[in-house]
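Novice: Got a predicted model here, sequence first, then my questions.
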Amino acid sequence: MSLKRWMTGFMEKNGLLVGLYILGAVTLWIVLMIVLPQLFMLDFSFRYNLPPAEIGGPKDVYTLSNYKYLIYGSAGSAADYNWIDLSVFLQTIIAAVFVTLIDLALCYPIAYYLAHTAKGATGRLLILSLIIPYWVNEILRAFAFRIIFGASGVINNFLVYLGLIDQPIDFIREDVALYTGLSYAYILLMIFPIYNAVESLDRNQVEAARDMGSGWLRIHWRIVIPFAKPGIASGCTMVFMLTAGALAAPQILGGPSSLWFTQLIVQWFNTGGNWPRGSAYAIALLIACVAFVLFMMRVFKIRVGEIGR
Amino acid sequence: MKSHHMMKLMIGFYIVLFFGYLFGPLIIMSITAFNSSDFPRVSPWDCFTLEWFPELRQDRFLVEGFQNSLVIGAGVIALAVPIGLAGALLLTQLGRRARSGFYTLMISPILVPGVVLGISTIIFWRRMGEMIGVPGEDNFLYEGIFMTILGQSTFISAFTMLVFVARLQRFDPAQEEAALDLGATKPQAFRKVLLPFLKPAIGSAAVLAFLASFENYNTTVFTILQDKTLTTVLASKVRYGIDPSISALAVLIVSLTLVAAFVYEVLRRREQKEAREIEARARAAERLEMQEVAQGEGGEDGPARSAAEIRAELPAASGKGFTLQAHHLAIVLALIAVAGIAKLMLTDDVYAATACKEEIRQEKLERQQELLEKQRQLMQERQQQEQGEKAPRSGDYQSIFDPGNLQGDGEEGSDAEQAPEAPATSDGQSSNDGKDYQSIFDPGNLQSEEGN
């Protein structure tokens, strides 16, 4: 009933045409683009990989086999668990945490500086120049790191020239290139939430603490960081989610022995030809990421509503 | 005081380092586009060349991908901008609890991994096709470009929505109410009041949507199916073999980005300035009104003069001439940059440093010859020594330079040494060794460079 009343009020306020446009566009977005595709994927992940002719037939029943495969491996294998895929999964999560922490450490000083010290034209120029690298294609950014870290790349040539090493170091095999490239990829999404949070901090609080004799470490630990906590959480969430779900950087910068979990998903879809299993892997990634973020927010006592602004 | 200076110095140093991290890779990549070496690198520097730019046009996949990317970008703008606007408008009219729920739902596609969005999109539309009875090949819903537009718009609409939400926060509903009071219909008020107010936001949302669509990879790699976009072509190029034409493409993209950022900033400044002017004018008008009211109540002589002064302020507040100039300048600069790039792309006869490359080749050949010569001398000296000494170890010496001799037994080796054709064999060996030496100075494969 109240929905109907709300609808009448809404149409009254916007006029029929605009009202229909708003509701239509939002419905299209939320129902056809966000919710239903995710539900279909969830449904699909519980099915067998059947040839098109048998879909909808008697064999098309629900199963947990795709999830079982991720955990236990194929039924015939000797090992108890599917260690290969599980270790890729864990490595991806751990590496994403690692990259998030690197980005936080790199960005906090810059965000604080931009918000409180740099003002006017300089500040705006610095912010603009932060955005520019982010506008450049993701693939090209990874490519740039490949040029730098390659066997005859800038860093190796420089080190050889200095005489520090005599053989080029294989940065790509050692995953140095991958971590550097991943930290680079989403760094902007860490800076801006922290910047926005710190900017709204009243400078007088910092001054007062300084007048009362606090050192800068204490000022940050007791005043700035607690105040900027929602921004920090928001930045960390975004960087973590995007890093765990990254595909381009691991494909281009990953060493021959290291796999990212998204690469496994792509394999099931392309060469593996098993879409339901790929969907199950994708759902596992999504759930693990969301669960991890919610868990961390519990630990640090941050509410979901504070994220995203 | 001293520690304060130290601190400042350290902060400055850190900022330089940080921006070096941000821009260093892009700068180095851009520099490699102008090196004639077959592998993208800065050192050793061969020759300055522009030859990699026209080469991009030869790549059929790249051109096709670029065209598809433009189509998809246009489609995403057409879909994501209206959706984002509708989402933002809906949020402003909801109660607090409903708003936070909808907000979370609408923002969620930004956080969902792009891979997941791509997968869910293709599964959904394939299924939809089956449901309406057009399975398999005939399924017009299961089509690369169509699904890429939808898949990308899922999260890009969230970006555009955030742009509109930020702008709508500054909207004064009284404007719309005034229009309605003056007899405007609701669609009229929407079209004549709200849309003009949102115009700058529509522009920046469209730019944002296009850029996000243009550079997207994670979602597109699934939804595009057998088709190609610029980004997927780039990705396969980068993964299966690197050459400097990719760097050349990077230079184009980076410079276009710089131009776009510059124009965007100029436009934004203009908008901010206008906003400030409108505010200043409003304030002045308010003061004027108050003065006039005071005058009407029979005030003194003084206020009359100041009212005139304020009135004089009004036209002066709008410095339209200057902002228009800056705006035009930005556009002219952008056009020059685009024209320069177009010229670089479209002329076949660019500066390809043929003479310089020949020189470098000669130099390398000479250096090789020199090393060969040195090697030969060394060999001869050694052989003379060996012949003089007639030491039993001589077989070992030989084996250092020719692993093939290891198979033969020691006697055969010493036979070969004493044979008259010894210099000839040492020649053959030394040319091999010369190449090994060469590779110490030049990591690239000399042979392949000569071949090209």
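Specialist: Done, it's in.

Novice: Excluding covalently adjacent residues, which one is nearest to the residue of the stretch 51-200 of chain B found nearest chain A?
Specialist: Closest approach between the stretch 51-200 of chain B and chain A, counting by Cβ to the nearest Cβ: residue B:113, at 2.4 Å. All C-beta spots, glycine's among them, are computed from the backbone N, C-alpha and C. Once flanking residues are discounted, residue B:113 sits nearest to residue A:245: 2.4 Å by Cβ to Cβ, 6 or more residues apart in numbering or on different chains.

Novice: Isn't that neighbour up against residue A:285?
Specialist: Yes - at 6.9 Å, residue A:245 and residue A:285 qualify as touching, with contact defined as Cβ atoms under 8 Å.

Novice: what sits in contact with each of the two?
Specialist: A:262, B:113, B:115, B:116 (Cβ atoms under 8 Å, 6 or more residues apart in numbering or on different chains).

Novice: from the residues you listed, which is closest to residue B:79?
Specialist: residue B:116 (19.7 Å; Cβ to Cβ).

Novice: can you list the weak-confidence ranges in chain A?
Specialist: Within chain A, the stretches with pLDDT under 70 are A:1, A:52-58, A:75-79, A:118-119, A:303-309.

Novice: Provide a list of residues in contact with whatever residue of chain A ends up closest to chain B.
Specialist: Nearest to chain B in chain A, going by Cβ to the nearest Cβ, is residue A:245, at a distance of 2.4 Å. For residue A:245, the contacting residues are A:262, A:285, A:289, B:112, B:113, B:114, B:115, B:116, B:218, by Cβ under 8 Å, 6+ apart.

Novice: about what we covered before: could you tell me the phi and psi values at the residue of the stretch 51-200 of chain B closest to chain A?
Specialist: Backbone torsions of residue B:113, given as degrees, to the nearest 10, read phi -50, psi 140.

Novice: Now do the contacts for it.
Specialist: Counting by Cβ under 8 Å, 6+ apart, residue B:113 has contacts A:241, A:242, A:244, A:245, A:262, A:282, A:285, A:286, A:289, B:218.

Novice: Check residue B:7 too.
Specialist: Contacts of residue B:7 (Cβ under 8 Å, 6+ apart): residue A:216.

Novice: Would the host helix or strand of residue B:79 count as contacting chain A?
Specialist: In this assignment (DSSP states H and E), residue B:79 forms part of helix B:60-92. Yes - residues of helix B:60-92 contacting chain A under Cβ under 8 Å from any Cβ of the partner chain: B:82, B:83, B:85, B:86, B:87, B:89, B:90.

Novice: Could you check how far the second one is from residue B:209?
Specialist: This means residue B:83. Note on residue B:83: its distance to residue B:209, by Cβ to Cβ, to the nearest Å, is 10 Å.

Novice: Contact residues of the stretch 151-300 of chain A facing chain B?
Specialist: So far as Cβ under 8 Å from any Cβ goes, the stretch 151-300 of chain A lies against chain B at A:151-154, A:157, A:168, A:184, A:187, A:216, A:237-238, A:241-242, A:244-248, A:251-252, A:262, A:265-266, A:269, A:275, A:278-279, A:282-283, A:285-286, A:289.

Novice: neighbouring contacts of the helix or strand encompassing residue A:3?
Specialist: Using DSSP H and E, residue A:3 falls within helix A:2-14. Helix A:2-14 has contacts (Cβ under 8 Å, 6+ apart) with A:19, A:22, A:23, B:89, B:93, B:186, B:190.

Novice: can we see that at 7 Å?
Specialist: Residues outside helix A:2-14 that contact it (Cβ atoms under 7 Å, 6 or more residues apart in numbering or on different chains): A:19, A:22, B:93, B:186.

Novice: Let me know the secondary structure of residue B:37.
Specialist: coil (DSSP: H, G, I helix; E, B strand; the rest coil).

Novice: Hmm, residue B:46 and it touching each other?
Specialist: Yes - under the criterion of Cβ atoms under 7 Å, residue B:37 makes contact with residue B:46 at 4.6 Å.

Novice: Next up, the contacts around the closest residue in space to residue A:85 that isn't next to it in sequence.
Specialist: Excluding the flanking residues, the one nearest residue A:85 by Cβ to Cβ, 6+ apart is residue A:70, at 5.8 Å. Residues near residue A:70 by Cβ under 7 Å, 6+ apart: A:82, A:85, A:280, A:281, A:284.

Novice: And residue A:70, how close does it get to residue B:266?
Specialist: 52 Å.

Novice: same thing with residue B:86?
Specialist: 30 Å.

Novice: Can you pick out the residue with more neighbours from those two?
Specialist: Neighbour count, other Cβ atoms under 10 Å in any protein chain shown: between residue B:86 and residue B:266, residue B:86 has more, with 23 against 19.

Novice: Pull up the per-residue confidence for that one.
Specialist: Note on residue B:86: pLDDT of 92.

Novice: Check residue B:319 too.
Specialist: So residue B:319 comes in at 45 (pLDDT).

Novice: Assumed residue B:202 was part of a helix.
Specialist: Yes - according to three-state DSSP, residue B:202 belongs to a helix.

Novice: Leaving out chain neighbours, which residue sits closest to it?
Specialist: residue B:81 (6.4 Å).

Novice: now swap in residue A:206 and tell me
Specialist: residue A:219 (5.8 Å).

Novice: Distance of that neighbour relative to residue B:125?
Specialist: 54 Å.

Novice: repeat for residue B:381
Specialist: For residue B:381 relative to residue B:125 (Cβ to Cβ), the value is 77 Å.

Novice: Give me the more crowded residue out of these two.
Specialist: residue B:125 (23 against 10).

Novice: what residues does the stretch 51-200 of chain B put near chain A?
Specialist: Residues of the stretch 51-200 of chain B lying near chain A by Cβ under 7 Å from any Cβ of the partner chain: B:82-83, B:86-87, B:89-90, B:93, B:100, B:104-105, B:107-109, B:111-116, B:119-121, B:123-124, B:127, B:135-136, B:150, B:153-154, B:157, B:186-187, B:190.

Novice: Just the buried ones from these, in PyMOL syntax?
Specialist: Buried subset of those, written as a PyMOL selection, criterion 16 or more other Cβ atoms under 10 Å in any protein chain shown:
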select buried, chain B and resi 82+83+86+87+89+90+105+107+108+109+111+112+113+114+115+116+119+120+121+123+124+127+150+153+154+157+186+190
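
Novice: Identify the spatial nearest neighbour of residue A:69, chain neighbours not counted.
Specialist: Nearest residue to residue A:69 in three dimensions, chain neighbours excluded: residue A:277, at 6.2 Å (Cβ to Cβ, 6+ apart).

Novice: And for residue B:86?
Specialist: residue A:25 (3.6 Å).

Novice: before we move on, the earlier item: residues of whatever helix or strand comes next after the helix holding residue A:3 that come out buried?
Specialist: Following helix A:2-14 in sequence order, the next helix or strand is helix A:16-27 (DSSP H and E). Across helix A:16-27, burial judged by 16+ other Cβ under 10 Å covers A:18, A:19, A:21, A:22, A:23, A:25, A:26.

Novice: What of stretch B:332-345?
Specialist: B:334, B:337, B:341, B:344.

Novice: report the longest helix in chain A, please.
Specialist: helix A:83-116 (DSSP state H).

Novice: What residues sit buried inside it?
Specialist: Within helix A:83-116, the residues that qualify as buried are A:85, A:88-89, A:92-93, A:95-97, A:99-100, A:102-104, A:106-116, counting by 16+ other Cβ under 10 Å.
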